[in-house]
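Enquirer: Okay, sequence plus prediction incoming.
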Amino acid sequence: MESWVQRHPTGTPLRIKAALLLVLVIAGGLIFLGWKYFRAMDLHRPLPKSTPPVPSIIISTGTIGTGGSLSDSLGQTGLSAMDISQVERALRPLFNPRYSKPKDVYEVRLSTTGQFHKLTYWPTPFEYFTVARSSSGMMEASASKVALTESTVGVSGQIQGSLWDAMSRQGVPPEMVIRFAELFSWRIDFLTEPRKGDTYKMAWKRRRGNGAIRDTDIVCASYSSREKGDLYAYLLAGEYFDADGNSLKGEFLRAPLAYRRISSYFTEHRFHPILRIYRPHHGIDYAAPAGTPASSIADGVIISKGWEGGLGNELRVRHAGSYVSIYGHLRGYPRGIRIGSHVKQGQVIGYVGSTGLSTGPHLHFGFERDGQLVNFFRLKMKNSRRSIPPAERQHFEEIKQNAAALFTKLVQQGGPLDALDHK
């Protein structure tokens with residue numbers, strides 16, 4: 001009999017096909033049973049513990065707004081009222097948050113869950129305070145200062161109109177112009193006495209840090225004029241002395257305030273703008289904006305305060321040597337100014353106003369000697385009796401030599417400089 005293979009030479013025997021199919025079925029079954037087994041084992045195996053995500057830190061920076069406070073600014077960052085209270089309580093021994101001012105810079109770090117991490121607060125560019133939560137959960141504050149670099153800068157120039165105009169054109173900061181004027185305020189009144197051609201020199205310390213500049217002590221200064229001669233100021237132990245080693249501090253200030261102009265001088269024959277008559281004017285009228293501070297020209301005791309007829313609100317100060325200074329037309333007085341109070345030279349004792357017989361805001365300044373009103377401008381000013389102690393004389397001469405070198409550099413280079421260091 002002819003076989004199937006012989007009849008189908010190109011085909012696969014049925015028995016072989018059946019065997020292959022059986023093998024595939026058995027293999028599939030084994031794979032399925034193995035999967036079921038391992039699946040069952042996984043179901044009984046404990047699941048791994050999940051690690052909670054670490055919260056991220058959100059950094060908020062800003063400045064105190066006009067009319068705002070540190071508390072208001074912290075509230076805008078999302079800090080809770082309780083945290084704000086704790087932060088301010090921790091900060092208060094170092095800095096009272098009530099004294100925060102517009103444009104003060106702060107940085108707050110919070111987690112994404114709202115948990116407070118740290119506050120950094122800069123009341124000035126040169127110092128900052130940090131408040132952070134300690135390991136015990138308490139708020140702790142600390143104070144730090146920005147590292148500063150110090151150099152010596154200076155200026156020299158010539159008067160064409162006023163000291164203010166001359167120095168301002170050279171880029172001298174307004175504060176340093178005022179300090180220079182105050183330095184020689186016992187010798188010269190820079191609003192009335194400078195003349196065209198007068199020359200000046202000044203060197204001072206400047207500190208830099210955190211992108212800001214701070215001008216500090218004047219090291220030495222000079223002012224030369226035909227009327228006043230050569231005036232010098234040298235710094236020694238926090239006080240300024242002239243070229244002879246005498247203190248620059250004089251018996252009286254040359255003027256009791258910063259004024260715009262003198263509207264009336266001491267005279268026996270002045271036409272009164274309100275009374276419309278000629279009569280003596282035994283004082284000096286300094287025109288100045290209302291509210292301008294008026295200062296005592298010397299140490300003394302207040303002997304009179306209150307309304308005084310045409311002078312309006314008036315104040316009188318008795319000084320050593322039977323001198324009395326008089327301040328009239330005041331708008332008001334600072335706290336603590338009362339009869340019997342002791343005042344220091346330069347201390348603010350009142351504010352310019354227009355009380356009494358006055359056509360506008362100004363200070364009427366009078367000066368008595370032995371009970372008689374005298375012309376303050378004709379008074380010969382005395383220097384303080386303090387002079388360089390003998391033990392400091394050699395040191396003072398070295399200071400003058402260093403100052404002379406600085407003055408030479410200033411004349412040679414001119415203008416505000418950063419290259420005056422003489423270390």
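Expert: Structure received. Residues are numbered from 1 along each chain as shown.
Enquirer: From now on I want contacts and neighbour counts done on CA atoms only, so please keep to that.
Expert: OK.
Enquirer: Was I right to think residue 90 contacts residue 131?
Expert: Yes: between residue 90 and residue 131 there is a contact under C-alpha atoms under 8 Å: 7.2 Å.
Enquirer: ok, and the closest non-adjacent residue to residue 121?
Expert: residue 106 (4.4 Å; C-alpha to C-alpha, 6 or more residues apart in numbering).
Enquirer: Please give the number of neighbouring residues around the one you found.
Expert: Burial of residue 106 is recorded as 21 neighbouring residues (other C-alpha atoms under 10 Å).
Enquirer: got the contact list for it?
Expert: Contacts for residue 106 (C-alpha atoms under 8 Å, 6 or more residues apart in numbering) come out as 61-64, 119-122.
Enquirer: How about residue 168?
Expert: So residue 168 contacts 174, 177 (C-alpha under 8 Å, 6+ apart).
Enquirer: Please give the element, helix or strand, for it.
Expert: Under the criterion of DSSP states H and E, residue 168 resides in helix 163-169.
Enquirer: Next secondary structure element downstream of that helix?
Expert: Next along the chain from helix 163-169, counting by DSSP H and E, comes helix 174-183.
Enquirer: now for that following helix, which elements pack on it?
Expert: For helix 174-183, the elements it packs on are helix 163-169, judged by 3 or more C-alpha pairs under 8 Å, 6 or more residues apart in numbering; DSSP states H and E.
Enquirer: Which parts of the helix it packs on count as buried, going by neighbours?
Expert: Neighbour counts over helix 163-169 (16 or more other C-alpha atoms under 10 Å) mark 163-164, 166-167 as buried.
Enquirer: Just the closest of those to residue 337, please.
Expert: Distance to residue 337, by C-alpha to C-alpha, is smallest for residue 164 among the buried residues of helix 163-169, at 31.7 Å.
Enquirer: correct me, but the closest one touches residue 177?
Expert: Yes: shown here, residue 164 and residue 177 form a contact pair, counting by C-alpha under 8 Å, at 6.5 Å.
Enquirer: Tell me where the stretch 301-423 of the chain has strands.
Expert: 313-319, 323-332, 342-343, 348-352, 362-369, 372-373 (DSSP state E, counting those that start in this stretch).
Enquirer: out of these, which comes closest to residue 217?
Expert: Counting by C-alpha to C-alpha, residue 217 lies closest to strand 348-352 out of these; the figure is 22.5 Å.
Enquirer: pLDDT averaged over the longest strand along the chain, what's the number?
Expert: Longest among the strand segments of the chain by residue count, using DSSP state E, is strand 212-225. Strand 212-225 carries an average pLDDT of 91.
Enquirer: top of the contacts of residue 106 by neighbour count?
Expert: Busiest of those [other C-alpha under 10 Å] is residue 121, holding 24 neighbours.
Enquirer: With residue 182 as the reference, measure out to that one.
Expert: Look at residue 121 and residue 182: by C-alpha to C-alpha, to the nearest Å, they are 34 Å apart.
Enquirer: Just the element for residue 297, please.
Expert: Going by DSSP H and E, residue 297 is not part of any helix or strand.
Enquirer: And it, what's its pLDDT?
Expert: 86.
Enquirer: still on that earlier bit, the buried residues of helix 163-169 into JSON lines, with extra columns for distance to residue 334?
Expert: What follows is those, written out as JSON lines (distance: C-alpha to C-alpha, whole Å):
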{"residue": "163", "distance to residue 334": "30"}
{"residue": "164", "distance to residue 334": "28"}
{"residue": "166", "distance to residue 334": "34"}
{"residue": "167", "distance to residue 334": "32"}
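Enquirer: Confidence-wise, which of those comes last?
Expert: residue 164 (84).
Enquirer: Nearest to the spatial middle of this structure, which residue is it?
Expert: By C-alpha atoms, centre = their mean, the chain has its centre lying nearest to residue 124, at 6.1 Å.
Enquirer: contacting residues around that residue?
Expert: Counting by C-alpha under 8 Å, 6+ apart, residue 124 makes contact with residue 104.
Enquirer: I'd guessed residue 117 sits against residue 130; true?
Expert: No: counting by C-alpha under 8 Å, residue 117 stays clear of residue 130, with 10.7 Å between them.
Enquirer: between those two, which one's more packed in?
Expert: Neighbours were counted for residue 117 and for residue 130 using other C-alpha under 10 Å; residue 130 has more, 20 against 17.
Enquirer: so who does that one touch?
Expert: By C-alpha under 8 Å, 6+ apart, the neighbours of residue 130 are 118-121, 141-143.
Enquirer: among those residues, which are in strands?
Expert: 118-121, 141-143.
Enquirer: residues near the closest residue to residue 67 other than its chain neighbours, how many?
Expert: Spatial nearest neighbour of residue 67, chain neighbours left out: residue 102 (7.3 Å); criterion: C-alpha to C-alpha, 6+ apart. Residue 102 is flanked by 15 other residues according to other C-alpha under 10 Å.
Enquirer: do residue 393 as well
Expert: Neighbours around residue 393, by other C-alpha under 10 Å: 13.
Enquirer: and if you look at residue 298?
Expert: Residue 298: 23 surrounding residues under other C-alpha under 10 Å.
Enquirer: isn't it right up against residue 321?
Expert: No: using C-alpha under 8 Å, residue 298 is not in contact with residue 321; the gap is 11.5 Å.
Enquirer: in stretch 109-129, what counts as buried?
Expert: Residues 109-110, 116-123, 125-126, 128-129 are the ones in stretch 109-129 that count as buried (16+ other C-alpha under 10 Å).
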